[in-house]
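Novice: generate a structure from the sequence data that follows.
(chains A and B)
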Amino acid sequence: MSSEISNITSEPPNTDAVTVGSLNINDTELTLGLPGESRKLVAKRRFSVITDLKLGGNHRSDSIITKNSPSKEQLVGWPPVRSYRKNMTKSDCKYVKVAVDGAPYLRKVGLELYSGYQQLMCAFEDLFSCLAIKNVSNEMKLMDPVNGTEYVPTYEDKDGDWMLVGDVPWKMFVESCKRIRLMKNSEAINGSGMHNSQIFETTF
Amino acid sequence: MDPNPKRPKTVDRVDSVEVVNSSESTQLLCSIDPNRKRAKTVDRVDSAESTQFPDEVLERVLSLIDSHKDRSSVSLVCKDWYNAERWSRRHVFIGNCYSVSPEIVAARFPRIRSVTIKGKPRFSDFNLVPEDWGADIYPWLSVFALAYPFLEELRLKRMAVSDESLEFLATKFCNFKALSLLSCDGFSTDGLKAIATHCKNLTELDIQENGIDDLGGHWLSCFPETLTSLEVLNFASLNSEVSFDALEKLVSRCKSLKVLKVNRNISLDQLQKLLSHCPQLMELGTGAFTQELISGPVTEFKNMFSNCRNLITLSGLWDATPLYLPVIYPACARLTFLNLSYATLRSDELANLLSHCKSLRRLWLLDTVGDKGLEAVGSCCPFLEELRVFPAHPFDQQIFLGVTESGFVSVSRGCPRLRYVLYFCRQMTNAAVAAIAKNCPDFTHFRLCIMNPGQPDYLTKEPMDEAFGSIVKTCTKLQRLAISGLLTDRTFEYIGKYSKNLETLSVAFAGSSDLGMEYVLQGCPKLRKLEIRDCPFGNAALLSGLTKYESMRSLWMSACNVSMNACRALAKEKPRLNVEVIRDEDGADDSQAHKVYVYRTVAGPRRDAPPFVLTL
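Specialist: Numbers count the residues shown, from 1 in each chain, chains lettered A, B, ... in the order given. Sure thing, here's the model as predicted:
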């Protein structure tokens, strides 16, 4: 968990490719940028925000970590939510990760917050603001209007199989879904995306 | 809703007592606060007039005054009034436990029955203050045992309370009636056992949000069967199970019970049984609002609330599902305060519920309801005065759901009477806040937390200066403000220029230079509490408030750019301030002051300061 922190508090983007196993750290580094936006640009803007904040040298903050460490610590006491409230809220609402092909970041959705597939598609629209629901009868697709790329929502079920979202009754889907991937349409159609395990390793 | 009208309301708005114990008190007070109005000389001069007004009459009249601000003013009129006021005062409010000592309080006010004390700086709620910092209640209790043996009420916020202190309280004060602990720590359920066992006249036990060691629910069984006086019982924040049998018997025999807030372990059918014994309840906190094993149809619960004609506050509602939520619909029309901040409701569930709640004045929510849920708030609750939206997952940055600027705008359109807002979100725009200010000009408390530090307007990419500018320009009654997002000195310029009623300001990750803090210190005449973290304010900013701090309750600055020398200079110039620096654990870089806490005091430097607190 601690490694998946927005790089708002990080030092400038790491231009050296760091690899762990077959994973390229840069590909998995999470940002708050929107898909399609240059990651470096986002990181650069964030960094200049921090340097603007810290005027005058000799500044030491108990919250913004300035050491060169790969895992960034969370800010102490931020957001200002009291710890009792953390413990009180029901935390077992099921959250699954949602990945979008080509975007180097993940989001999570709370499946139990939706009552059906339509609401889930709307949530995808909200989460990935460059995507829009493509209105094709009975088919669930999202589209990037800028370049016309289509995305098909797929999910990994309890058995480890990748299925198309929308085939089973909603409640069954909520129960069996482990994670979701919005797959670029070309891969989904010819099924190659389903078997190409290498793609999954770099995305997750 | 306050069943006991003498109980002070939102403590933010009550001024602290100017407690001094010498005959030069009046002059000392006037010199501490240059803004305070001087006593009219006409009242002091004519002694013939004052003899026509016997002390007993004066005391009787003054005993009717509850407001602390008024009492402080009264005490400044003349010596006679000062004495009449101190003899007639029954309740003392101490906003900062280190601003005065228990001995001074006891010497000035001989007849106190009720005490409210606040201890640690507010940022201790967010782990910015180390453990064992102080604010121990025990020294107060040992003085009170001699001075106020008939003490009835004790209300504490952010104090360190040990089991020994609770046992002392329970055994040394024979007439003790009401205990309220909010955000305190250091005690366990054993301390509660002592209270339940020994306080024969207990009317109130209100345990909220404390760092408590929960060793089990046996404490509740310690209430003797002879205890029938309970009016307020709140154990919602305790986790372990209490004996339902003991609870049911307690509720049945306490006929004056007005407030009952149970914990999560109390089930729906247990709740139903309890409600059958106390239909007179005004405030209810439910337990878990669901049944694991469906024991019967939901209809068996549908009359649960039909006899509760006085119910105006509802909270708890853990795990509330659409199946059981309709059970509360019969009670909704009368509700003025609904706390849903523990129920993960969806927008449609909330909309259905709110359509029954036309009288709501205060509403607390989780951001799982989303912008659509807030639209429902705007359309169903025209009388809404207070809205708090808490984040369900504040520390998980991958969960991007929640509420946005559009939800806030929807509420502002439908609820023009809004005066108190606490709003956690992940995106905001200047235009949205400007619209909100225009729709709701009566804000007294505006606390906006954009959870990503230093985040700009997400549409224009500009700083959020204009957002807070529009708030302070439009909302002239603003007393409390918390700001967030990417902010330059301009925000502070606006605050200093326009916010003339501001009393409390919270700042984090904001500002560009010392000017920011200077604008506020120079511009806000009524400023009492200023808390700052992670801002580029340095020594010049700190010292610009030299003449200001004695008119304030306190200043907190952490992770800013202040040096030890500047703090020493401040301490030297102003002997009536305590300038304390909390040392970092690793102790490196000792020339910088990482956490500074400055407050006015008549008690001198702390005598109980731990080694990591340096009083300069």
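Novice: and the residue in the stretch 1-150 of chain B positioned nearest to chain A, how far from residue B:189?
Specialist: Of all residues in the stretch 1-150 of chain B, residue B:126 sits closest to chain A, at 3.1 Å by Cβ to the nearest Cβ. In short, each C-beta sits where N, CA and C put it, glycine included. Per Cβ to Cβ, to the nearest Å, residue B:126 is found 25 Å from residue B:189.
Novice: those two: which is more packed in?
Specialist: Neighbours per residue (other Cβ atoms under 10 Å in any protein chain shown) separate residue B:126 from residue B:189, with residue B:189 holding more: 24 against 18.
Novice: which phi and psi does the more buried one have?
Specialist: Here is the backbone geometry of residue B:189 (degrees, to the nearest 10): phi -70, psi -20.
Novice: ok, it touching residue B:214?
Specialist: Yes: the pair residue B:189 / residue B:214 is scored as a contact, 5.7 Å apart, by Cβ atoms under 8 Å.
Novice: what ranges do the strands span in the stretch 451-600 of chain B?
Specialist: B:480-482, B:504-508, B:529-533, B:554-558, B:577-582, B:595-600 (DSSP state E, counting those that start in this stretch).
Novice: would you reformat those strands as JSON lines and include mean neighbour count, mean pLDDT and distance to residue B:540?
Specialist: As requested, those are arranged in JSON lines below (neighbours: other Cβ atoms under 10 Å in any protein chain shown; pLDDT from 0 to 100; distance: least, Cβ to Cβ, whole Å):
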{"stretch": "strand B:480-482", "mean neighbour count": "22", "mean pLDDT": "98", "distance to residue B:540": "23"}
{"stretch": "strand B:504-508", "mean neighbour count": "23", "mean pLDDT": "98", "distance to residue B:540": "17"}
{"stretch": "strand B:529-533", "mean neighbour count": "24", "mean pLDDT": "98", "distance to residue B:540": "14"}
{"stretch": "strand B:554-558", "mean neighbour count": "25", "mean pLDDT": "98", "distance to residue B:540": "13"}
{"stretch": "strand B:577-582", "mean neighbour count": "23", "mean pLDDT": "96", "distance to residue B:540": "16"}
{"stretch": "strand B:595-600", "mean neighbour count": "23", "mean pLDDT": "97", "distance to residue B:540": "14"}
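Novice: tabulate these (JSON lines), appending distance to residue B:403.
Specialist: Formatted as JSON lines, those follow (distance: least, Cβ to Cβ, whole Å):
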{"stretch": "strand B:480-482", "distance to residue B:403": "17"}
{"stretch": "strand B:504-508", "distance to residue B:403": "20"}
{"stretch": "strand B:529-533", "distance to residue B:403": "24"}
{"stretch": "strand B:554-558", "distance to residue B:403": "28"}
{"stretch": "strand B:577-582", "distance to residue B:403": "35"}
{"stretch": "strand B:595-600", "distance to residue B:403": "32"}
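Novice: make a markdown table out of those and add distance to chain A.
Specialist: Converted to a markdown table, the strands of the stretch 451-600 of chain B look like this (distance: least, Cβ to the nearest Cβ, whole Å):
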| stretch | distance to chain A |
| --- | --- |
| strand B:480-482 | 8 |
| strand B:504-508 | 7 |
| strand B:529-533 | 7 |
| strand B:554-558 | 7 |
| strand B:577-582 | 10 |
| strand B:595-600 | 8 |
